[in-house]
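**Q** coordinates only, sequence not included:
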């Protein structure tokens, strides 16, 4: 018989290792905005996305084969269908939006995901929203509005950049629904299997749509730097980081896991400055303050609040 204190210690250790993994996930994703921005300037966005998603799919399915039991074929079918939303629709909107806007701005819009996930989770009765979270959600969307409306005052073509911001926001909505619908599966299927099969479901339509762009690609001209970007954004940002994400959803719940997205904007802004020459704008700074403040209120766990899914 295990002593209650031992269970409590094991639980805290599980939560701590999960949170450390989510910090690493945020670092990987934060730098990934600059990597993707570079990749989409060298290759057509849809072609680059198809290549990196294919690389990530192969890596995850291979890991799943050796690391975790195979789900039932029925679950595999459902996971692949969810993957069309969570990876196909999401990635299609995201990569095309990123090609039109600044990497730092995209990261700030993506950082609104905890607020959007909280709203979707509440609508489906999966997670509750505390009163203070209502203010947090409002602040987050005010921050997004500042960033998006401020884009028209930026250095690039205003209309195109605003469209890019809106595409990124639409991708966040798709991801919020996907994360909410996925939660039940994270409780009984290993994260590596979920990641692999959902990614396969999303990659197949992306590759089909990208067919003409892939045919136009000058493969011999792709440099080692570009291939390095593909590997980083495919194996790292899609493969490794998604494993941390699914573990977080299982251990902490979807909203608390998404709270770690608040680390991405600062990482992305700092990475885009030296790597892409994107200096943070006043609009980005003002918007980031509102988004960060909103995120802290959206779902900051109290000391007495148990981890979700445990």
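**A** Received it, and whenever you're ready, just let me know what you need. None of the values given here were measured: they were computed from a predicted structure.

**Q** give me the helices and strands touching the helix or strand in which residue 164 is found, please.
**A** Taking DSSP states H and E as the criterion, residue 164 maps to helix 158-186. Helix 158-186 sits against helix 73-83, helix 90-100, helix 103-110, helix 113-123, helix 131-151, helix 191-209, helix 241-252, helix 254-258, with contacts defined as 3 or more C-beta pairs under 8 Å, 6 or more residues apart in numbering; DSSP states H and E. Just so you know, the C-beta spots here come from the backbone N, C-alpha and C atoms, and that holds for glycine as well.

**Q** mean confidence score for that helix?
**A** The average pLDDT for helix 158-186 rounds to 88.

**Q** on that earlier part again, quick one: closest of the helices and strands packed on helix 158-186 to residue 171.
**A** Among the helices and strands packed on helix 158-186, helix 90-100 comes nearest to residue 171, with 3.7 Å by C-beta to C-beta.

**Q** ok, and what's touching the closest one?
**A** Contact with helix 90-100 is made by 33, 36-37, 40, 45-46, 48-49, 53, 106, 110, 160-161, 163-168, 170-171, 174-175, 178, 202, 206, 209, as judged by C-beta atoms under 8 Å, 6 or more residues apart in numbering.

**Q** buried subset of these, written for ChimeraX?
**A** Buried members of the contacts of helix 90-100, identified by 16 or more other C-beta atoms under 10 Å, are gathered into one ChimeraX selection as follows:
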select :33,36,37,40,45,46,48,49,53,106,110,161,163,164,165,166,167,168,170,171,174,175,178,202,206
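
**Q** quick one: the residue lying closest to residue 195 once chain neighbours are set aside from residue 112, how far?
**A** Closest residue in space to residue 195, ignoring its immediate chain neighbours: residue 242 at 4.3 Å, by C-beta to C-beta, 6 or more residues apart in numbering. Distance, residue 242 to residue 112, by C-beta to C-beta, to the nearest Å: 20 Å.

**Q** try residue 264
**A** Shown here: residue 264 relative to residue 112, a distance of 11 Å by C-beta to C-beta.

**Q** between the two, which one's more packed in?
**A** residue 112 (28 against 24; other C-beta atoms under 10 Å).

**Q** and the more buried one, its phi and psi?
**A** Note on residue 112: its backbone torsions stand at phi -80, psi 0 [degrees, to the nearest 10].
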